[in-house]
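Undergrad: Fold the stuff below for me.
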Amino acid sequence: MQFRQQALTKLRSPEELDLPVRFARPQGWLVLSVTVAVMAAASVWAVTGSVASTVSAPAVLTHGEGSYILQSPAAGQVTAVLAEEGERLPAGSPVLRVRTADGETVVRTVAAGRITALATALGQIVATGADVAAVEKVADAGAPLYATVYVPAENAGSVPADAAVDLTVQTVPSQRYGVLRGHVKSVDRAAQSARRIAAFLGDGQLGEQFTKEGRPVAVLVRLDTSSATTSGYRWSSADGPPYALTSMTLATASIRLADRRPLDWLLP
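TA: The predicted model follows:
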């Protein structure tokens, strides 16, 4: 009965057609305007903007030509060690003397370089083809260092020429001296096997270590030079470490990849 009385009252009252109708409050218009502006800005950025990304990968400081593993040409006992670790030798220099069943054999360097590791000692018995030393191919003491970075194969195609690279060197406290600066010099075309990496670096363990997650691609990085630092290279800090860098030093590289538009991430 109550609802019927209200209906009759409504019928007797005139329609309020002359009163304005409020579709939205001023606060609502403000929110709508801001939303439209943000969406417009996001649309423009998605088409014209860019997103920078980086890839992190293990690296080794080396001279550009790499290293090689020196092997014994015959089985026998080492009677003399004729070279020292760190010594630079010309091609054909004696490294070991091995006494065999047919006499003595001298193990010599194949190419000029620096002895980075000796795997034998006086009196040791070696087999034919045994690894006896690792030799880095560098004849000039002033030859520059490079960084060889082993980038995952799926990221190698995105590494642009001359890309900026930051290297956190294992023997340098980054909190104090910062990172080493460099730029990409070249990107290898093929993925590297553990054996190929070991042959280049003269270290089988590094070959296995760098291929645990699959075959990487080698990226050669040219280190930026600086006459203001002791090391001779440019660092993110003003002076860098107060000592020189040596080859076969491990590092972690951060390479800036080619910029991509945000729209590229959204489209298949």
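
Undergrad: Looking at strand pairing, list the partners for the closest residue to residue 164 other than its chain neighbours.
TA: Spatial nearest neighbour of residue 164, chain neighbours left out: residue 256 (4.9 Å); criterion: C-beta to C-beta, 6 or more residues apart in numbering. (C-beta placed from N, C-alpha, C; glycine too.) Beta bridges link residue 256 to residue 54, judged by DSSP bridges.

Undergrad: Now do the helices in the chain.
TA: Ranges of helices within the chain are 2-12, 26-48, 153-156, 174-177, 194-201, 204-210, 262-266, based on DSSP state H.

Undergrad: For those helices, which has the smallest mean pLDDT value?
TA: Note on the helices of the chain: helix 262-266 shows the lowest mean pLDDT, a mean of 49.

Undergrad: Just the CA trace of stretch 118-132, in PDB.
TA: Presented in PDB, the C-alpha positions along stretch 118-132 are these (Å, rounded to 0.1, in the frame of the first residue of the first chain):
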ATOM      1  CA  LEU A 118     104.000 -25.000 -17.000                       C
ATOM      2  CA  ALA A 119     102.300 -28.300 -16.500                       C
ATOM      3  CA  THR A 120     105.400 -30.400 -15.900                       C
ATOM      4  CA  ALA A 121     108.300 -30.500 -13.400                       C
ATOM      5  CA  LEU A 122     111.800 -31.900 -13.300                       C
ATOM      6  CA  GLY A 123     111.800 -35.700 -13.200                       C
ATOM      7  CA  GLN A 124     108.200 -36.000 -14.300                       C
ATOM      8  CA  ILE A 125     107.200 -38.800 -16.800                       C
ATOM      9  CA  VAL A 126     105.200 -37.400 -19.800                       C
ATOM     10  CA  ALA A 127     103.400 -39.300 -22.500                       C
ATOM     11  CA  THR A 128     103.400 -38.500 -26.200                       C
ATOM     12  CA  GLY A 129     101.000 -35.600 -26.800                       C
ATOM     13  CA  ALA A 130     100.800 -34.600 -23.100                       C
ATOM     14  CA  ASP A 131     100.200 -31.000 -22.400                       C
ATOM     15  CA  VAL A 132     103.400 -29.500 -21.000                       C
END
